[in-house]
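Undergrad: how does the following fold in three dimensions:
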Amino acid sequence: MLQPNPAVSIIIPNYNHAQYVGDAINSVLNQTYSNYEVIVVDDGSQDNSRAVIGQFGDKVRAIYQQNQGLSAARNTGIGAARGTYIGVLDADDMYEPEFIGTLVSSLESQPTADGIYCGYRFVDDLNNPLPQIEAREVAPENLYRALLEGNFLVPESMFVRKHCYDQVGPFDTSLRALEDFDMWLRITSQFKIIYTTKILTRHRMAPGSMSSDPTRQFQNRMSVIKKHFGPEPAPGGAWSDEQRRAYGRAYLVSAVEYLQVHNETRAFDCVYSMVNACPQLLSQMETFYELGCGDQPKGYRGEFASVHLEQNFPVVLRLLEKLSSAQELHEFRNFKRIAYANAHYALGLLAYGQGKSKQARRFLLGAIKHHPKFIFDRVVIGSLLRSLLGANLIRWLKQFSGKSK
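TA: Below you'll find the predicted structure:
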């Protein structure tokens, strides 16, 4: 039965997700916390979503509207919400049973907090767990700045007091992807959002989802960055520090998404623009670690076993060679040595993670060759020494050490 005075409103926008929306609804109905309402906004579905939603009867508030897009469906649900707290759950995602109870308890114990985000796991189309889990710890005062460098939140991981949406306004209906990124930037710039590292939601990697189209993602990502930080300065123009970080990271994320669909040409275009915007990213090993993971899809990012080393390593080195040969890219010159060194460092760590000692040794020595400062890097030297010993010898030494105790 519908709650007369729900403390929590969960908004589920749905468009042609009949095969998933029942899982999303059930994940709310199975919560350990009971004082909530479920609002399902069907955005003009043409499949049998209405029948699936109708099976839940008065356990949900169903709203049917003509197709207007994901943002509009969320806005309809938030406008109809009666709860103090709001959660937005996409129709192909799910909550763990403790989601609402855990987050409500956290916010009630910290009345100065306006919202909270939780950790999440990726699952496949059939709800089988994938290797990748996201559970970042970012203090409220640093969250906006962290999001400037790329959105690491998914819609279902955010849970806020309704006044946040009342004050910042609705989801932007002009965006056809990354509208949540825009919303989180607006909310975190004004409100205190705390975190829990508990894994409380499941993010499904459904075939054909919006996030699988890198061009759509790129166009909307740039629209969000332009909206918040102004247009990209013309060549020779002045950049603010925030613009450099935001545009640089946006181009890097887009480069990775193009690599995931094996579009090396567009990936290079994005890396080129990244260097124009924020050449300092070349001095960060993490930049090349992301590129080195290459075509590894979401849900697997950073898992050593599924990195295609033989395919991805040459791509990273080709990207660097193209940057090096771009005479007009003056920004690259000052960072060339450290860029090559960091690329070799990242590729060495990936090879080491797969137990490929010879490749790891070659790349780690390459990092030192390109920039001697890595002689003093404990991770580089430690990985290099272990690669010299070899995996079999290391295992034998560990076993021997255990037997001698």
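Undergrad: give me the three-state assignment for the most centrally placed residue in the chain.
TA: The chain has Phe152 as the residue nearest its centroid, 3.4 Å off, counting by CA atoms, centre = their mean. Counting by DSSP: H, G, I helix; E, B strand; the rest coil, the backbone at Phe152 sits in coil.
Undergrad: doesn't Glu134 make contact with it?
TA: Yes: counting by CB atoms under 8 Å, Glu134 is a contact partner of Phe152 at 6.1 Å. For the C-beta atoms, the positions are set from N, CA and C on the backbone; glycine is no exception.
Undergrad: relative to Asn128, how far out is His370?
TA: 41 Å (CB to CB, to the nearest Å).
Undergrad: more neighbours, these two?
TA: When His370 and Asn128 are compared for neighbours, His370 comes out ahead with 19 against 7, by other CB atoms under 10 Å.
Undergrad: surely that one is in contact with His344?
TA: Yes: counting by CB under 8 Å, His370 sits close enough to His344 to count as a contact (6.3 Å).
Undergrad: what are the structural domain limits within the protein?
TA: With domains defined by automatic domain parsing, the chain comprises 8-204, 213-396.
Undergrad: give me the mean pLDDT for the helix or strand hosting His344.
TA: Secondary structure assigned from DSSP states H and E places His344 in helix 336-353. Across helix 336-353, the average pLDDT comes to 92.
Undergrad: after it, next one along is what?
TA: Downstream of helix 336-353 (by DSSP H and E), the next one is helix 357-370.
Undergrad: quick one: list the elements packing against that following helix.
TA: helix 336-353, helix 378-389 (3 or more CB pairs under 8 Å, 6 or more residues apart in numbering; DSSP states H and E).
Undergrad: starting at the chain centroid, how far to stretch 239-258?
TA: Relative to the mean C-alpha coordinate of its chain, stretch 239-258 is positioned 14 Å out (CA atoms, centre = their mean, to the nearest Å).
Undergrad: now that stretch: buried residues?
TA: By 16 or more other CB atoms under 10 Å, the buried positions in stretch 239-258 come out as 239, 243-258.
Undergrad: narrow those to those in helices?
TA: Counting by DSSP state H, the buried residues of stretch 239-258 place 243-258 in helices.
Undergrad: quick one: which of these is nearest Ala51?
TA: Among these, Glu257 lies closest to Ala51 (CB to CB), at 35.2 Å.
Undergrad: Arg245 versus that closest one, what's the distance?
TA: Distance of Glu257 to Arg245, given as CB to CB: 19 Å.
Undergrad: and for Glu331?
TA: Distance from Glu331 to Arg245, by CB to CB: 15 Å.
Undergrad: find the nearest non-adjacent residue to Gln66, please.
TA: Gly44 (4.9 Å; CB to CB, 6 or more residues apart in numbering).
Undergrad: number of residues surrounding the one you found?
TA: Gly44 has 15 nearby residues by other CB under 10 Å.
Undergrad: assign Asn16 to helix, strand or coil.
TA: What three-state DSSP gives for Asn16 is coil.
Undergrad: my guess is it contacts Arg50, does it?
TA: No: Asn16 lies out of contact with Arg50 (CB under 8 Å); the separation is 11.1 Å.
Undergrad: which of the two has more neighbours?
TA: For Asn16 versus Arg50, neighbours defined as other CB under 10 Å are more numerous around Asn16 (17 against 14).
Undergrad: per-residue pLDDT, that one?
TA: pLDDT, Asn16: 96.
Undergrad: for it, give its distance to Val261.
TA: Taking CB to CB, one finds Asn16 at 23 Å from Val261.
Undergrad: which residues in the stretch 1-150 of the chain form strands?
TA: 8-14, 36-43, 61-65, 85-88, 94-95, 115-123, 129-134 (DSSP state E, counting those that start in this stretch).
Undergrad: so, low pLDDT: which residues of the protein?
TA: Confidence mapping of the chain against pLDDT under 70 gives the ranges 1-5, 208-210, 380, 385, 387-405.
Undergrad: what is the longest strand anywhere in it packed up against?
TA: Longest strand in the chain by number of residues (criterion: DSSP state E): strand 193-204. Judged by 3+ CB pairs under 8 Å, 6+ apart, strand 193-204 is in contact with strand 94-95, helix 99-109, strand 115-123, helix 140-148.
Undergrad: closest to Met158 among the ones in helices among the buried residues of stretch 239-258?
TA: For those, the residue nearest Met158 by CB to CB is Val253; the value is 19.0 Å.
Undergrad: quick check: closest non-adjacent residue to that closest one.
TA: Here the residue nearest Val253, using CB to CB, 6+ apart, is Gly150, at 5.2 Å.
Undergrad: what is the burial count for the one you found?
TA: 16.
Undergrad: state the distance from it to Leu185.
TA: Distance, Gly150 to Leu185, by CB to CB: 11 Å.
Undergrad: likewise Asp92?
TA: For Asp92, the distance to Leu185 equals 24 Å [CB to CB].
Undergrad: surely Asp295 meets Glu310?
TA: No: with contact defined as CB under 8 Å, Asp295 does not count as touching Glu310 (11.9 Å).
Undergrad: more neighbours, those two?
TA: Between Asp295 and Glu310, Asp295 has the larger neighbour count (other CB under 10 Å), namely 17 against 9.
Undergrad: that one is in what secondary structure piece?
TA: Here Asp295 is assigned to no helix or strand, by DSSP H and E.
Undergrad: for it, give me phi and psi.
TA: Main-chain torsions, Asp295, degrees, to the nearest 10: phi -80, psi 10.
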